[in-house]
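> Here's a sequence, model it:
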Amino acid sequence: MHMGEQTFRGPVVRIGADPGPGGFKLAGYRGLDKRHAVISAYDQGSATVAPVGSNQVRMAPHQHVTWKDIDPMSGPEYLSDGCALHFGPVNRGCTIEFVECRKLGVWQQGGLASEVAGASVASMDALGKKAGIPMAVGQPGAPPASFDARKSATISASTVPIWFVGCLFMMAMASVTLIMIAVLINVRTVDKLGPVAEGDDMYDYASLNDIEIDENLLEGLQQGFLDFIMKPNADAAGRKKLENPEHWDDQFYQYVAASVQQHVGAWAVFRRLDAIVDDYALVTSEMREANLPDVMAAIPYQESRYRPDLTSRACAAGYWQFMPEVAYRVGRDSDVTFKVKDCKIKGVDQTWEPTSTASPPIKQRIYLDITQGIEKMKCRIKSCRVDHRRDLEKSTQAAAYALRETWDDGDLADSGANVQITILSHNAGYDDSRFGQRRKTNLKPAYKTWRKNAEQDEYQNFYGENIKCDTPHEGGGLARCGGKLPAETQHYAYTIIAQHLVAVCYYGLNYSDKKEFKAWANYTKGSGYCTSLNVPTSQEVQTKKKGKKK
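A predicted model of the protein is given here:
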């Protein structure tokens, strides 16, 4: 959405998400306060910008800078024509260009009230001395007597110079309404991020060293990340402030963005999503029935791409890739009918079925062939007469039961990272010490150990700070690289979340007639995060032949 240059009448222009009448409203951007900053004009043609309170404002001579290298200002600073301003945290908020300040007509009595919040008279005086301009109230070049930075007051025509009357701030709106000649930084311009190659239907890790994340994507994904991850985390922890990007796990968020960038570029991903639309709807419905976040519906996409016949080298099988022992425990302890029975194992005469509630050490699992080492182990189960792991409805109900064991843990909920921890537990387990198997890489003990040594008072960064291995394959997926989680687990949750964020866009655009996806259509309209992606229609996907377009 591009609206070109915008003009605003001085002597004061308030800027923020909801600045009030006459202000410069920047709606729909994360990290912006209602009244984030203020621009003020003086009678010698000068203008300053100042943050309101502790809000972040950065200034540079032009927009072609790396904002993270520029410190936020602590008080008012003079503006020069063509300078760029960034409001909010780096990679969030928005950027504008200040074009010019010029006089216009005669200022009418009873005009805009002064509201230089956060910029005291004393700080303006110090600023004036730094610039060589006297700034004491009532002096030339200073705010008029009625222009008290500490309170609001009506501007009287008798106290305002004629030039002062009508200083216009011509600014290009950031992102949504950016100037034609400059910045255009927000996600509304990211029409390049869509399927460009056949690719794969799943990417199991992203490298922040090898992938240059689109800055606009980082901004655009915030809405989806907030709604599907951080709001559930905030509700579970009882801490509303977790919805503020200032309190997000930034490392985790960067990995999610990089993974979205990978997945959205592959036709194979959208082709697979189109093939499993009914299955994804069923799992989404079951997650909601169990009072679990929607994002959990992407776990079977990561595990099997919703293929029931898939079996891992460790003998995890079916949609959710359950181990045999987990199937036995859930079937025994819950109301879910969930069984694995009468399995034929290569080289074993009698049929086998699980009888323990947790998987024993690898060397004790009769169904594994580890003659060539653990990294090259193979599953020896040829078939099972009864295997509900390959039944979508039964396995999803079993998954909901198992996921709630982690989700309902009060200590983990209090972390502020309960969504990602619950997802991770599907890979590394919740707490097998309940069944006599002590595994320090289970999520509960791993989190407790990390928290004990964490040098911070808040713990929502648990996941991001434990992504240490470059790939999920190091040490056969078992290496930890200095973290508390195995390599495979480290790269597990962010890929699932990325897959879900892409699925929401595809299903919201193409299948909102299904009740499970109806609400997701909102993300594909207006300022919804999906509008930042070039999501194909179902017709485009169905007519796109593998490897070439029809």
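
> low pLDDT regions in this structure?
For the chain, applying pLDDT under 70 flags the ranges 1-4, 10, 21-22, 42-45, 103-192, 456-457, 545-550.

> give me that answer again for 80
Where the chain drops to pLDDT under 80, the residues are 1-11, 18, 20-23, 27-31, 41-46, 53-54, 91-92, 101-192, 455-458, 545-550.

> Go ahead and flag the most central residue of it.
Nearest to the centroid of the C-alpha atoms of the chain, with distances taken as CA atoms, centre = their mean, sits residue 225, at 3.3 Å.

> my read is that one is in a helix, agree?
Yes - when classified by DSSP: H, G, I helix; E, B strand; the rest coil, residue 225 is found to be part of a helix.

> what about the helices in the stretch 451-550 of the chain?
Along the stretch 451-550 of the chain, counting by DSSP state H, counting those that start in this stretch, helices occupy 487-490, 493-510, 538-543.

> any chance of these in JSON lines, plus mean neighbour count and distance to residue 277?
Backbone N, C-alpha and C define where each C-beta goes, glycine included. Putting the helices of the stretch 451-550 of the chain into JSON lines (neighbours: other CB atoms under 10 Å; distance: least, CB to CB, whole Å) gives the following:
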{"stretch": "helix 487-490", "mean neighbour count": "26", "distance to residue 277": "28"}
{"stretch": "helix 493-510", "mean neighbour count": "26", "distance to residue 277": "7"}
{"stretch": "helix 538-543", "mean neighbour count": "14", "distance to residue 277": "9"}
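
> between those helices, which gets nearest to residue 396?
Distances from residue 396 to each of those were compared using CB to CB; the minimum, 15.0 Å, belongs to helix 493-510.

> From residue 522, how far off is residue 441?
39 Å (CB to CB, to the nearest Å).

> Show me which of those two is the more surrounded one.
More crowded of residue 441 and residue 522, by other CB atoms under 10 Å: residue 441, with 19 against 13.

> which SSE is the more buried one in?
Using DSSP states H and E, residue 441 sits in no helix or strand.

> so it touches residue 486, yeah?
Yes - applying CB atoms under 8 Å, one finds residue 441 in contact with residue 486, separated by 5.3 Å.

> how about the strands in the stretch 451-550 of the chain?
Along the stretch 451-550 of the chain, the segments classed as strands by DSSP state E, counting those that start in this stretch run 544-545, 548-549.

> Please identify the buried residues of stretch 508-519?
By 16 or more other CB atoms under 10 Å, the buried positions in stretch 508-519 come out as 508, 509, 510, 511, 512, 514, 516, 517.

> Can you tell me what sits against it?
The list of residues contacting stretch 508-519 from outside it, by CB atoms under 8 Å, 6 or more residues apart in numbering, reads 274, 277, 280-281, 284-285, 507, 520-524, 530, 535, 537-538.

> Now flag whichever of the residues you listed is closest to residue 431.
For the contacts of stretch 508-519, with residue 431 as the reference and CB to CB as the criterion, the closest is residue 284, at 26.9 Å.

> Give the full set of residues in contact with that closest one.
The neighbours of residue 284, taking CB under 8 Å, 6+ apart as the test, are 294, 297, 516, 517.

> Quickly note the distance from it to residue 35.
On the measure of CB to CB, residue 284 and residue 35 end up 39 Å apart.

> Next: residue 329.
With the distance defined as CB to CB, residue 329 ends up 55 Å from residue 35.

> Could you do residue 410 as well?
Here the criterion is CB to CB. By it, residue 410 lies 37 Å from residue 35.

> Pull the distance from stretch 525-541 to the chain's centre.
Stretch 525-541 has its C-alpha centroid displaced from the chain centroid by 18 Å (CA atoms, centre = their mean, to the nearest Å).

> Okay, buried residues for it please.
Residues of stretch 525-541 classed as buried under the neighbour-count rule (16+ other CB under 10 Å) are 527-536, 538, 540-541.

> Alpha carbons of it, as PDB, please.
Below are the C-alpha coordinates for stretch 525-541, written out as PDB (Å, rounded to 0.1, in the frame of the first residue of the first chain):
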ATOM      1  CA  LYS A 525      -6.300  -9.500   3.500                       C
ATOM      2  CA  GLY A 526      -5.500  -5.800   4.200                       C
ATOM      3  CA  SER A 527      -2.400  -5.700   6.500                       C
ATOM      4  CA  GLY A 528      -2.500  -9.400   7.300                       C
ATOM      5  CA  TYR A 529       1.000 -11.000   7.400                       C
ATOM      6  CA  CYS A 530       0.200 -13.300   4.500                       C
ATOM      7  CA  THR A 531       0.000 -10.300   2.200                       C
ATOM      8  CA  SER A 532       3.800 -10.000   2.500                       C
ATOM      9  CA  LEU A 533       4.100 -13.300   0.700                       C
ATOM     10  CA  ASN A 534       3.400 -14.300  -2.900                       C
ATOM     11  CA  VAL A 535       1.200 -17.300  -1.900                       C
ATOM     12  CA  PRO A 536      -0.100 -19.200  -4.900                       C
ATOM     13  CA  THR A 537      -3.700 -20.000  -5.500                       C
ATOM     14  CA  SER A 538      -4.800 -23.700  -5.400                       C
ATOM     15  CA  GLN A 539      -5.400 -23.500  -9.200                       C
ATOM     16  CA  GLU A 540      -1.800 -22.400  -9.700                       C
ATOM     17  CA  VAL A 541      -0.600 -25.200  -7.600                       C
END
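
> so what's the residue nearest to residue 428 when sequence neighbours are not counted up against?
In space, not counting the residues next to it along the chain, residue 428 is nearest to residue 489; the distance is 4.3 Å by CB to CB, 6 or more residues apart in numbering. Counting by CB under 8 Å, 6+ apart, residue 489 touches 424, 427, 428, 441, 472.

> Give me the buried positions along the lengthiest strand in the chain.
Longest strand in the chain by number of residues (criterion: DSSP state E): strand 94-102. With burial defined by 16+ other CB under 10 Å, the residues of strand 94-102 counted as buried are 94, 95, 96, 97, 98, 99, 100, 101.

> Spell out which residues sit in contact with residue 74, please.
Residues in contact with residue 74, defined by CB under 8 Å, 6+ apart, are residue 51.

> To clarify, my last question referred to residue 17.
Taking CB under 8 Å, 6+ apart as the definition of contact, the neighbours of residue 17 are 25, 26, 27, 29, 32, 33, 34, 36.

> surely the second one meets residue 32?
Just to be clear, that refers to residue 26. Yes - with contact taken as CB under 8 Å, residue 26 and residue 32 are classed as touching, separated by 5.8 Å.

> Now for the two: what residues contact both?
Shared contacts of residue 26 and residue 32 (CB under 8 Å, 6+ apart): 16, 17, 87, 94.

> rewinding a little: buried ones among the contacts of residue 17?
For the contacts of residue 17, a neighbour count by 16+ other CB under 10 Å gives the buried set as 25, 26, 29, 32, 33, 36.

> Tell me how far the fourth one lies from residue 63.
Summarising the geometry, the distance separating residue 32 from residue 63, computed by CB to CB, is 18 Å.

> Leaving out sequence neighbours, find the closest residue to residue 544.
When the adjacent residues along the chain are set aside, residue 544 lies closest to residue 267, with 5.7 Å between them (CB to CB, 6+ apart).

> Got phi/psi on that neighbour?
When quoted as degrees, to the nearest 10, the phi and psi of residue 267 stand at phi -60, psi -30.

> next one: residue 270
phi -70, psi -30.

> any idea which of the contacts of residue 489 has the most stuff around it?
If you count neighbours using other CB under 10 Å, the busiest of these is residue 424, which has 28 neighbours.

> and that one, what helix or strand is that in?
helix 418-428.

> Now find how far off-centre that helix is within its chain.
Counting by CA atoms, centre = their mean, helix 418-428 comes out at 17 Å from the chain centroid.

> so which of the buried residues of stretch 508-519 comes closest to residue 364?
The nearest one, if we look at these relative to residue 364 and count by CB to CB, is residue 516, at 41.6 Å.

> Please name the nearest non-neighbouring residue to that closest one.
Setting aside the residues directly before and after it, residue 516 is nearest to residue 281 in space (CB to CB, 6+ apart), at 4.2 Å.

> how about the one you found, what does it touch?
Counted by CB under 8 Å, 6+ apart, residue 281 has contacts 507, 511, 514, 516, 517.
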